[in-house]
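In: this one's sequence-less:
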């Protein structure tokens with residue numbers, strides 16, 4: 001009797017359970033349909049426009065070249081500095097197209113519809129950031145946040161084609177021609193040298209529309225000399241020539257843009273590289289030429305001559321493959337071939353470890369130090385650059401690698417220790433270009449999305 005009752009009870013319990021399950025499934029289905037037919041919140045994540053850029057800066061902050069007024073960090077002695085990249089929030093920066101770092105100052109080229117095509121911040125002791133009436137009231141000539149640099153353009157607006165910054169002068173190449181401002185003590189601004197000229201609060205801006213009727217397509221600056229590249233691939237130089245850095249066959253100062261002489265003649269040059277007083281030039285045939293200071297064997301010196309005033313071919317680069325980029329620092333040089341291989345020579349922290357401080361022949365830095373590995377076999381360096389004592393490389397993935405001297409955190413690697421091998425810098429964007437001042441850096445980047 002009791003057995004029959006238990007069987008009936010279990011059957012009834014299972015029937016109820018199946019009914020509840022069907023009811024639950026039905027309710028979930030109806031709820032899902034209700035959700036689909038109702039209005040849900042839409043999360044529209046911000047996306048950058050193809051023309052948007054981001055700017056990051058790091059290094060010594062005291063001179064204002066980082067473009068940040070508030071103090072970011074401090075060294076042991078209380079000097080403000082940023083040891084890692086800091087994104088600039090200035091509203092105009094999404095329109096920045098180019099950047100240049102001088103000795104304690106930074107210039108930004110913008111795409112605008114008005115005359116405010118260049119902004120700048122940092123030291124303005126020689127009016128390298130232009131004249132502004134407010135500057136006369138400053139006790140110390142330092143611009144802490146980016147502000148427009150007055151360029152006396154001919155029309156309402158023009159496009160900036162290139163920027164270059166030296167120790168205390170700035171070159172701005174536009175569609176109208178070249179404008180130069182700042183210190184002209186050696187003729188580096190392309191105008192006659194005036195003895196004892198006072199450059200503080202100076203309104204002088206040189207204008208060079210072309211060179212012998214040829215359009216200027218590139219501008220480059222050493223410490224106190226300038227160089228321009230024309231549409232024909234010819235190189236003209238002016239400014240300080242004591243180390244032969246103008247390549248004019250003498251060691252005098254020259255204010256008129258004059259054609260560089262020597263082995264470079266007859267060659268079509270596509271790029272120049274110079275941070276201090278040693279110059280490298282790259283031809284469309286992949287040949288490398290150089291002139292200027294060779295105290296640290298940056299160039300194959302002729303005899304005991306350490307100052308070379310005529311362009312010579314750097315034949316040591318002929319066996320490196322197809323050279324696609326070059327860089328010249330204070331005491332070292334670099335070359336990059338089409339395979340993404342980086343070669344370095346000269347004196348300093350070269351990226352070959354703490355035991356290698358000097359080498360006279362171009363030497364390969366292992367590709368694995370730039371992220372090439374079985375998981376990223378296609379990673380390779382596509383750009384190289386350097387400062388007076390820092391070296392850097394950018395890969396095809398937009399990764400930035402730095403090495404060299406690191407005072408005031410100039411390398412952006414999160415410490416102030418010198419770096420003997422290339423180390424990746426943590427930046428939340430794709431690096432397009434990076435430029436070095438003496439003790440600060442600025443990177444032009446594209447957003448991830």
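Out: Yes, it's here. Since this is a predicted model, take the numbers as computed values, not measurements.
In: Run through who's touching stretch 183-194.
Out: Residues outside stretch 183-194 that contact it (C-beta atoms under 8 Å, 6 or more residues apart in numbering) are 126, 128, 166-169, 178, 180-182, 197, 199, 204, 206, 208, 221, 224-226, 238-241, 253-257. Just so you know, the C-beta spots here come from the backbone N, C-alpha and C atoms, and that holds for glycine as well.
In: Would you mind checking these for buried ones?
Out: Buried by 16 or more other C-beta atoms under 10 Å: 126, 128, 166-169, 178, 180-182, 199, 206, 208, 221, 224-226, 238-241, 253-255, 257, out of the contacts of stretch 183-194.
In: Where does pLDDT dip in the stretch 251-400 of the chain?
Out: 301-303 (pLDDT under 70).
In: show me where it has strands.
Out: 254-259, 269-273, 278-283, 288-293, 307-313, 323-328, 332-337, 342-347, 358-365, 381-386, 390-395, 400-404 (DSSP state E, counting those that start in this stretch).
In: So which of these is nearest residue 82?
Out: Across the strands of the stretch 251-400 of the chain, residue 82 has its closest neighbour in strand 400-404 (14.0 Å, C-beta to C-beta).
In: still on that earlier bit, put together a markdown table for the strands of the stretch 251-400 of the chain, with distance to residue 59 on each row.
Out: Shown next, in a markdown table, are these (distance: least, C-beta to C-beta, whole Å):
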| stretch | distance to residue 59 |
| --- | --- |
| strand 254-259 | 32 |
| strand 269-273 | 21 |
| strand 278-283 | 23 |
| strand 288-293 | 24 |
| strand 307-313 | 30 |
| strand 323-328 | 18 |
| strand 332-337 | 19 |
| strand 342-347 | 22 |
| strand 358-365 | 23 |
| strand 381-386 | 14 |
| strand 390-395 | 9 |
| strand 400-404 | 11 |
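In: Looking at those, spot the one closest to residue 432.
Out: strand 390-395 (7.7 Å).
In: Okay, now the sheet partners of that closest one, with direction.
Out: Sheet pairing for strand 390-395, assigned by DSSP bridges, gives strand 381-386 (antiparallel), strand 400-404 (antiparallel).
In: ok, the next helix or strand after the last one: who's next to it in the sheet?
Out: Next helix or strand after strand 400-404 toward the C-terminus (DSSP states H and E): strand 419-425. Strands flanking strand 419-425 in the sheet, each with its direction: strand 400-404 (antiparallel) (DSSP bridges).
In: Name the residues that touch the strand it pairs with?
Out: 348-349, 351, 369-371, 381, 386-387, 389-395, 411-413, 418-425, 427, 431, 434, 443.
In: try it again with 7 Å
Out: 348-349, 351, 370, 389-394, 411-413, 419-425, 427, 431, 434, 443 (C-beta atoms under 7 Å, 6 or more residues apart in numbering).
In: Can you tell me which of the strands paired with strand 390-395 is packed in deepest?
Out: Burial among the strands paired with strand 390-395, expressed as mean neighbours by mean count of other C-beta atoms under 10 Å, is greatest for strand 400-404, which shows a mean of 26.
In: quick revisit: so which of the contacts of stretch 183-194 belong to strands?
Out: 169, 178, 180-182, 206, 208, 221, 225-226, 238-239, 254-257 (DSSP state E).
In: Specify which member of those is nearest to residue 290.
Out: Residue 290 lies nearest to residue 225 out of those, by C-beta to C-beta, at 14.5 Å.
In: Find the residue closest to that closest one in space, skipping its chain neighbours.
Out: residue 239 (3.1 Å; C-beta to C-beta, 6 or more residues apart in numbering).
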